[in-house]
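Colleague: what would the 3D arrangement of this be:
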Amino acid sequence: MTSATSKQPASIETLARKWRTDDPERMIGRGHPVGDFLEAYDWKVLGERVGFLRLACHLPDQVRNPRGELFGGFTPTYADLVAVFTGRAGRRQETPRSWLSTASLRVDYFAPIDGDFIIESEVLHRTGRTQHVQIRFLAEGERLLAICHATIIEQKSEGEA
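Modeller: Residues are numbered from 1 along each chain as shown. Have a look, this model is predicted:
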C-alpha cells in the first residue's frame, strides 16, 4: 500500500471547521469542494430554523448548458448539498457529530432554471438516523421550477454500535 492510498481522511470536525462561516447570511464558506464549484459561498441565507433553509442562489457559468440554463444533471448536486445542510439547519454552528449521507434522491423538473433562484428545503420527516428532505427550486414570484426529495442518513460515529 502506498502512502497516497493509506492516508486517513480528515475528520468531520476538521473539515466542518474548514468551510464554516461566522456570517449568519451565508450557509457555507470557501473550502468545500462541491460548495466552491456551485459558488455556494455567495448564496444568501434568507431563512433558517431547525430542519429548514431558504437560500437565494445564483447560476454560475460552469453549471449552465449551451442555452444558458442550469444543466439538468447539476440539479441533484444542488439538492444533495442543500439537503445535508438542511439536516443540520438551526444547528450549523455546532460541530457535527457524524456524517450525513444521501441514500436516495429524486428530481422532478417543471421549468428551466436560467438565472437567480431560491431554494427552500425542509426536513419533512425524521425517524432515528433517517431524514426525508424536500428541496424546492423557486423563481421570482414563488413559481416552482423543480422539486427534489432526498433521504439523508446520519452515519454512526466511530465506536458506536
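Colleague: quick one: Ile118 and Val45, what's the gap?
Modeller: Distance, Ile118 to Val45, by CB to CB, to the nearest Å: 11 Å. The way it works is simple: take the backbone N, C-alpha and C, and place the C-beta from them, glycine included.
Colleague: anything in contact with each of these two?
Modeller: 54-55 (CB atoms under 8 Å, 6 or more residues apart in numbering).
Colleague: neighbouring contacts of stretch 42-62?
Modeller: 24-28, 37-40, 70, 78, 82, 85-87, 89-92, 113-123, 126, 131.
Colleague: and that stretch, average pLDDT?
Modeller: Mean pLDDT, computed over stretch 42-62, is 95.
Colleague: returning to what we had before: of the contacts of stretch 42-62, select the buried ones using a PyMOL command.
Modeller: A single PyMOL command selects the buried members of those (16 or more other CB atoms under 10 Å):
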select buried, resi 26+27+28+38+39+40+70+78+82+85+86+87+89+92+113+117+118+119+120+121+122+123+131
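Colleague: can you flag which of the contacts of stretch 42-62 belong to helices?
Modeller: Among the contacts of stretch 42-62, DSSP state H puts 37, 78, 82, 85-87 in helices.
Colleague: having no further points to raise, I will conclude here.
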